[in-house]
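Student: Based on what follows, work out the 3D shape:
(one chain, ligands or ions: 1)
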Amino acid sequence: MATRKNLRADRTSLTHKVGYALRHPTRVVAHARRAARDRWLAHRHRDHVAYYRAVMASDTARDPEAAVGSGSHDRWLALGAMQFDYLREHGLSPRHRLLDIGCGNLRAGRLLIDYLDAGHYYGIDISPDILIAAKRTVTAQGLQRKLPYLTLTHDLTFDFLPDRHFDVVHAHSVFSHSPLEVIDECLAHVARILAPGGWFDFTFDRTEGKEHHVLHEDFYYRTETLVGLAARHGLRARFMDDWELRGHGQSKIRVHAAAAASA
Ligand SMILES: C[S@@+](CC[C@H](N)C(=O)[O-])C[C@H]1O[C@@H](n2cnc3c(N)ncnc32)[C@H](O)[C@@H]1O
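Tutor: Predicted structure coming up:
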């Protein structure tokens with residue numbers, strides 16, 4: 001099932017805002033609350049990661065599953081399964097080592113941890129609150145024997161991780177919340193930690209119009225911007241057409257170190 005994406009909208013324009021409010025009057029109050037929080041947090045935290053960590057603290061306190069973008073528990077389960085099934089269909093095997101950037105409360109991580117050999121799942125996140133929720137997921141799912149690593153980070157330089165270690169690096173719904181400098185930092189460093197033949201999949205909110213962001217929380221990029229950024233770091237990137245058929249609102253790009261064969 002393909003998702004209908006609004007690829008031309010500029011969500012910062014007054015016309016879009018008025019049209020949206022008229023189409024969804026019940027969402028206006030919630031949006032106004034988010035806008036007020038955005039102004040307060042953006043004033044307190046000049047650095048984007050510190051800002052988004054504060055957003056996650058606020059959202060996680062209310063509901064960890066909603067904080068990672070799930071409207072219901074069923075949706076949390078379905079979005080985790082969608083990520084897992086896609087990786088499996090693309091050749092993920094239990095012996096692979098996987099780095100889950102922005103692992104959240106293990107929506108996909110719980111399935112990946114269960115599937116991969118013990119110690120082969122490594123989740124990193126900027127939010128201590130969501131990592132505490134992630135540990136609760138490990139406990140609730142009885143995954144202790146799989147010894148997943150769950151680590152707090154402030155940047156995406158991966159400086160604490162070894163060379164050529166990960167067969168798969170994965171970032172679902174993380175760059176959709178990231179300014180370009182965060183994505184740039186990640187792409188500048190990911191090749192070092194990718195094992196030979198390994199790949200890096202990330203999702204992003206796609207626009208075919210003007211690139212823009214909403215409340216410092218949601219960022220919309222053109223495919224060619226991200227493919228070009230990857231190329232500047234010596235990486236080969238391709239748009240994953242088959243992900244478009246999954247019914248997810250974001251698009252996906254796969255990146256390889258330039259010399260590696262396709263997966
Ligand atoms: C929408 S949630 C998705 C979580 C998980 N990937 C999933 O699909 O369930 C985004 C997650 O990315 C984390 N995050 C945002 N920016 C990040 C960054 N620069 N580095 C690492 N994690 C980040 C957030 O704290 C949050 O847990």
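
Student: Any idea how many residues pack against Phe200?
Tutor: Using other Cβ atoms under 10 Å, Phe200 has 25 neighbouring residues. Bear in mind the C-beta positions are built from the backbone N, C-alpha and C, glycine included.

Student: again with Leu106
Tutor: For Leu106, using other Cβ under 10 Å, the count is 30.

Student: do Arg232 as well
Tutor: Arg232 is flanked by 10 other residues according to other Cβ under 10 Å.

Student: which non-adjacent residue is nearest it?
Tutor: Leu187 (8.0 Å; Cβ to Cβ, 6 or more residues apart in numbering).

Student: list the contacts for that neighbour?
Tutor: 229-230, 232-233, 235, 255 (Cβ atoms under 8 Å, 6 or more residues apart in numbering).

Student: Now list the buried members of these.
Tutor: For the contacts of Leu187, a burial check counting by 16 or more other Cβ atoms under 10 Å picks out 229-230, 233, 235, 255.

Student: Need these in CSV (columns: pLDDT).
Tutor: As requested, the buried ones among the contacts of Leu187 are exported to CSV (pLDDT from 0 to 100):
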residue, pLDDT
Leu229, 97
Ala230, 97
His233, 97
Leu235, 97
Val255, 98
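
Student: Report the two of those residues separated the most.
Tutor: For the buried ones among the contacts of Leu187, the maximum inter-member distance is 9.9 Å, found between Leu229 and Val255 (Cβ to Cβ).

Student: near the ligand, which residues of the stretch 51-200 of the chain show up?
Tutor: Selection of the stretch 51-200 of the chain residues close to the ligand by Cβ under 6 Å from any ligand atom yields 52, 56, 68-69, 101-104, 107-108, 124-127, 130, 153, 156, 172-174, 177-178, 182.

Student: Now, those that are in helices?
Tutor: Mapping those onto helices (DSSP state H) picks out 52, 56, 130, 182.

Student: Let's see the ChimeraX selection covering just the buried ones among those residues.
Tutor: To isolate the buried members of those in ChimeraX, using 16+ other Cβ under 10 Å:
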select :52,56,130,182
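
Student: In TSV, list the ones in helices among the residues of the stretch 51-200 of the chain next to the ligand along with pLDDT and distance to Leu87.
Tutor: Putting those into TSV (pLDDT from 0 to 100; distance: Cβ to Cβ, whole Å) gives the following:
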residue	pLDDT	distance to Leu87
Tyr52	93	25
Met56	95	24
Ile130	98	21
Val182	97	23
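
Student: Is it possible to get JSON lines of the ones in helices among the residues of the stretch 51-200 of the chain next to the ligand that adds distance to Arg206?
Tutor: Formatted as JSON lines, these follow (distance: Cβ to Cβ, whole Å):
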{"residue": "Tyr52", "distance to Arg206": "20"}
{"residue": "Met56", "distance to Arg206": "23"}
{"residue": "Ile130", "distance to Arg206": "25"}
{"residue": "Val182", "distance to Arg206": "17"}
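
Student: farthest pair in the ones in helices among the residues of the stretch 51-200 of the chain next to the ligand?
Tutor: Within these, Ile130 and Val182 form the most distant pair, 16.7 Å apart (Cβ to Cβ).

Student: Can you give me the distance of Val174 to Arg33?
Tutor: 24 Å (Cβ to Cβ, to the nearest Å).

Student: wait, Phe204
Tutor: In terms of Cβ to Cβ, Phe204 sits 26 Å off from Arg33.

Student: the more surrounded of the two?
Tutor: Shown here are Phe204 and Arg33; by other Cβ under 10 Å, Phe204 has more neighbours (23 against 10).

Student: Tell me where the stretch 1-150 of the chain is predicted with low confidence.
Tutor: Applying pLDDT under 70 to the stretch 1-150 of the chain flags the ranges 1-4.

Student: mind running it again at 90?
Tutor: Residue ranges of the stretch 1-150 of the chain with pLDDT under 90: 1-46.

Student: Now do the helices in it.
Tutor: 14-23, 28-44, 48-62, 64-67, 73-89, 109-115, 128-140 (DSSP state H, counting those that start in this stretch).

Student: Can you tell me which of the ones you listed is most buried?
Tutor: helix 109-115 (a mean of 23; mean count of other Cβ atoms under 10 Å).
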